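**Student:** Here is my input; please provide its structure:
(2 chains)
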Amino acid sequence: MIGPGPGPAGPPGEEAPRTASAAGEGPNPLRRALDRLVPSRFERVIALALVIAATLPLVAGVVLAARLVTENVSVWLAPRVVDRVQGIPLLYGELFQARKALYAEQARSVARLLPTDPARAQAYLAAAVEHTPRLRRITWFGADEARLAEAESRTPWDEGEYREWAAHVALAGGGRLDCIFAVEARFFAEVEEARTLGEQVRELDRLRAELPRSYGLAFGVLLVFWAAFAALLGIWLARRTTRRVTRLVGAVRQLAAGDLSVYVDPGRSQDEVADLTRAFNTMVRDVKEGRDRIVYLEKISGWQEVARRLAHEIKNPLTPIQLAFQQLEARWRQAPGDPDFGRLVDDAGQIVREEIATLQRLVEEFSGFAKLPEVRPEPADLGEFAEEFVKTSPQLLEVAEVEVVRTSPSSPTLLDRTLFRRVLANLCLNAIEAVRPARARLHLGVARARDRVVLTVADEGPGIERPLRERIFDPYFTTKGTGTGLGLAIVKKIVLQHGGEIQVGDRPGGGATFAVSLPLVERAGPEPRPGASH
Amino acid sequence: MSALARHLRLAALAALALAGAAPARAAAPLPVELSNVDGRLRVTADLGPAITPDALRELSNGLQNVLAIYVSVAPEGGGAPVAVYGRIVDVLWDVWEETFAVTIKDPRNPDGMHLVVPTQAGLRALLASGRDLDFGPVASLPPGPLVVQARVELNPVSREQLQRTREFIASAGPRAGGARSVLGAMASFLLREPPPDADVIILRSRSFVAAEVPR
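**Tutor:** Presented below is the predicted three-dimensional model:
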């Protein structure tokens, strides 16, 4: 997205990259939201491609599936299968008939040999009930329905539950013989199940023309869902890319209109569009830094010209003034007169000399600022340079405790040692004055960061208020009662002339931190002189 | 809505659809006796020609069979039936008892009348009998020739049967054990009733006019 994001590294409080609106965005949020829902041409193309790729094989699959269902139905509901399945209950019916016939014959056999004497008949029936399969009970009824003899099987029935069936045999001498046989109950459960199955198959057979149609429709519905899913997926995938490209196009337009604060969030992606976005942001940052550098140096050049003229205009009358007053004092001493007038001359002489000294110091600083020499960088190690600076600055160690921390064994860059000593001296002096009259504790650090080497100068003073951070590098801006306000301006100019940057921020734990970053130069050689053109 | 009422409505629609169709299987006119009892049209129809040997054989197969009988009075030239009478007969040949268990549902017996019929001949006589069917006031009959039309269908696909088949399809599939497959569930949802069976037997009487109905 285009908007606030991790912009170019900058100190806290620095103006964040201004958000840039995507091209075509209107003021109406609802309209913008609706516009976003409408897929772009590229998104439509991607979605269409995915739909075609997803549905073409599926359409063929649907045709084949419908055919497969038809063939399966033909196989599993073949007339022979349907007839046989539906015929199962009748097979059980034949089984039952056969059983009944068998039981009736067995009953008749028992009746044929039934003794007429009830006492013997009892024993006979007891033997018969034990020897006749599935015969569970026999009762001999006389002509008057009197129970003449009865026997019941004592053999345990081990085939589960059973249903009774009675065979009634009329006896020649009157009366009848009732034979109760057992029929396995499982047969009835099986015939019930067979009946259910047969009815189900019959219903499927009645619906045989509908089954392929419904399965084909089901495939079709699934195909529609799948195609819709593929289309949405395609639009989503395409939109992920096109949105970023659209925002990039909008950002380029803003850049072309001169807005160098534009920033496009590359997101978490690692694809080419994200690389392009990052490259764009880097380019914008470089352009902005270059432009800022040029603007600042041009501004400094203007102030240098002012300083040169001021120094010239102030310096010229100072000498005649000083000489004239010295002559006045000499004449007075040769012929002293009124003692009151003599004290007046002494006091005036002291004031004039002090003010002339102040003006001369001011003129010297103006001249120094106006006549900053051209940078002549040479290969150097920034860490070694910082350590050397501290060692060779005894006056610094007299007023401050200084520690140097190097986080990298080497930090090669190009330096104009003379000018850069001035940079370090000014920064250290600035830090010392920040805590005056207390003794200052300075923390110098040198580190490598990607393609830069960074020198930090931190103090433990009150820090610099955020609103002032934009102005402290302006010439003649100072928050101190004394001073010309040229020190940090000179520092920044020298840093910029080295192709570097300087930023100010807070020090963790309190205090201010100035961070000077210079280009990392891995190998010494005929490198272009950074900032030489400025 | 009861099953019988639903069948009656379906029968009306079917009769309407079939009114213009030539009764290809109706070789002979449907024998009917018309009478005017207290101003109401009573029809006694002999549905015997519709109870074919094949139908009797199927009714004796040990499965639960359904015979749907719809008798309607309709204009001879076609059009919506004037009155419809419906009868749903469930027939099960009990292979153990060797008898027919019959349940008849009609406007006179909306909850069903249960009978046990021991023989095929008895069953045929029961099914063929359409005695004193009430078709409403004679005065409400439209002018012009009318016919009594009987539509007999064996084992039509009922809504309950369709639902059972849907359950069967939805439960079948790669995920056995009661779980439903998406395809099976969708196919079962999309399963529709089949078109009217071509084997439906339609019988039509000779035409008559309302004035001919004897008292």
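
**Student:** what's the distance between A:E465 and A:P508?
**Tutor:** A:E465 is 17 Å from A:P508, where distance means Cβ to Cβ, to the nearest Å. Every C-beta, even on glycine, is put in place using the N, C-alpha and C of the backbone.

**Student:** The two: who's more crowded?
**Tutor:** A:E465 (11 against 8; other Cβ atoms under 10 Å in any protein chain shown).

**Student:** Which is the succeeding secondary structure element to the helix or strand bottoming out on mean pLDDT in chain B?
**Tutor:** The helix or strand of chain B with the lowest confidence, counting by mean pLDDT, DSSP states H and E, is helix B:3-19 at a mean of 49. Moving toward the C-terminus from helix B:3-19, the next helix or strand (DSSP states H and E) is strand B:32-37.

**Student:** taking the mean pLDDT, what do you get for that following strand?
**Tutor:** Average pLDDT, strand B:32-37: 91.

**Student:** How about that strand, which residues are buried there?
**Tutor:** Of all the residues in strand B:32-37, those buried under the rule 16 or more other Cβ atoms under 10 Å in any protein chain shown are B:V32, B:L34, B:N36.

**Student:** From the residues you listed, pick the one nearest B:L162.
**Tutor:** When the buried residues of strand B:32-37 are ranked by distance to B:L162 (Cβ to Cβ), B:V32 comes first, at 33.1 Å.

**Student:** re earlier: which of the buried residues of strand B:32-37 lies closest to A:L204?
**Tutor:** Lowest distance from A:L204 to those (Cβ to Cβ) belongs to B:V32, with 37.3 Å.

**Student:** Wait, the closest one touches B:L47, no?
**Tutor:** No. Between B:V32 and B:L47 there is no contact, the gap being 10.0 Å when judged by Cβ atoms under 8 Å.

**Student:** which neighbours do the two share?
**Tutor:** Counting by Cβ atoms under 8 Å, 6 or more residues apart in numbering or on different chains, B:V32 and B:L47 have no common neighbour.

**Student:** mind listing the strands for the stretch 1-150 of chain A?
**Tutor:** For the stretch 1-150 of chain A, the strands defined by DSSP state E, counting those that start in this stretch cover A:135-141, A:147-152.

**Student:** Over to chain B?
**Tutor:** B:32-37, B:40-46, B:64-75, B:83-94, B:99-106, B:109-117, B:129-137, B:146-154, B:201-204 (DSSP state E).

**Student:** nearest to chain A, of those?
**Tutor:** strand B:64-75 (5.9 Å; Cβ to the nearest Cβ).

**Student:** Just the mean pLDDT for the closest one, thanks.
**Tutor:** On average, strand B:64-75 scores 92.

**Student:** ok, now stretch A:234-253?
**Tutor:** On average, stretch A:234-253 scores 83.

**Student:** Quickly list the domain ranges of chain B.
**Tutor:** By the record's domain assignment, chain B is partitioned as B:3-156+B:195-212, B:158-193 (automatic domain parsing).

**Student:** low-confidence ranges in the chain?
**Tutor:** No chain in the question, so chain A it is. Along chain A, segments meeting pLDDT under 70 span A:1-27, A:36, A:480-483, A:523-534.

**Student:** Chain B is the one I meant
**Tutor:** Scanning chain B for pLDDT under 70 picks out B:1-27, B:172-180, B:195-199.

**Student:** What parts of it come near chain A?
**Tutor:** B:61-64, B:93, B:95-96, B:98, B:155, B:157, B:161-162, B:164-165, B:168-169, B:182-183, B:186-194, B:197 (Cβ under 8 Å from any Cβ of the partner chain).

**Student:** Would you mind listing what in chain A touches chain B?
**Tutor:** Checking chain A against chain B by Cβ under 8 Å from any Cβ, the hits are A:86-90, A:92-93, A:96-97, A:188, A:191, A:194-195, A:198-200, A:202-204, A:206-207, A:209-211, A:213-215, A:217-219, A:221-222.

**Student:** hmm, back to that, what's the closest of the buried residues of strand B:32-37 to A:G349?
**Tutor:** B:V32 (154.6 Å).

**Student:** List the contacts of that closest one.
**Tutor:** B:V43, B:T44, B:A45, B:D46, B:V148, B:S205.

**Student:** Distance to A:F341 for those residues - can I get that in a markdown table?
**Tutor:** Converted to a markdown table, the contacts of B:V32 look like this (distance: Cβ to Cβ, whole Å):
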| residue | distance to A:F341 |
| --- | --- |
| B:V43 | 159 |
| B:T44 | 164 |
| B:A45 | 160 |
| B:D46 | 164 |
| B:V148 | 158 |
| B:S205 | 161 |
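
**Student:** just the buried members of the residues you listed?
**Tutor:** Buried among these (16+ other Cβ under 10 Å): B:V43, B:A45, B:D46, B:V148, B:S205.

**Student:** The last one touches B:A28, doesn't it?
**Tutor:** No. B:S205 lies out of contact with B:A28 (Cβ under 8 Å); the separation is 10.2 Å.

**Student:** Would you agree A:R448 falls within a strand?
**Tutor:** Yes. Per DSSP: H, G, I helix; E, B strand; the rest coil, A:R448 lies within a strand segment.

**Student:** The nearest residue in space to A:V345 that is not next to it in sequence is in what secondary structure piece?
**Tutor:** Sequence neighbours aside, A:W332 is the residue nearest to A:V345 in space, at 5.2 Å (criterion: Cβ to Cβ, 6 or more residues apart in numbering or on different chains). Using DSSP H and E, A:W332 maps to helix A:272-334.

**Student:** The residue nearest to A:V345 contacts A:P339, doesn't it?
**Tutor:** No. A:W332 is beyond contact range of A:P339, at 11.3 Å (criterion: Cβ under 8 Å).

**Student:** Tell me how many other residues crowd the residue nearest to A:V345.
**Tutor:** Counted with other Cβ under 10 Å, A:W332 comes out at 16.

**Student:** same deal with A:A449?
**Tutor:** Look at A:A449: counted by other Cβ under 10 Å, it has 13 neighbours.

**Student:** For the residue nearest to it when sequence neighbours are not counted, give its distance to chain B.
**Tutor:** When the adjacent residues along the chain are set aside, A:A449 lies closest to A:S517, with 7.1 Å between them (Cβ to Cβ, 6+ apart). Distance, A:S517 to chain B, using Cβ to the nearest Cβ, to the nearest Å: 62 Å.

**Student:** Just list what the helix holding A:W332 packs against, helices and strands only.
**Tutor:** When contacts are defined as 3 or more Cβ pairs under 8 Å, 6 or more residues apart in numbering or on different chains; DSSP states H and E, helix A:272-334 packs onto helix A:210-256, helix A:339-370, helix A:487-497.
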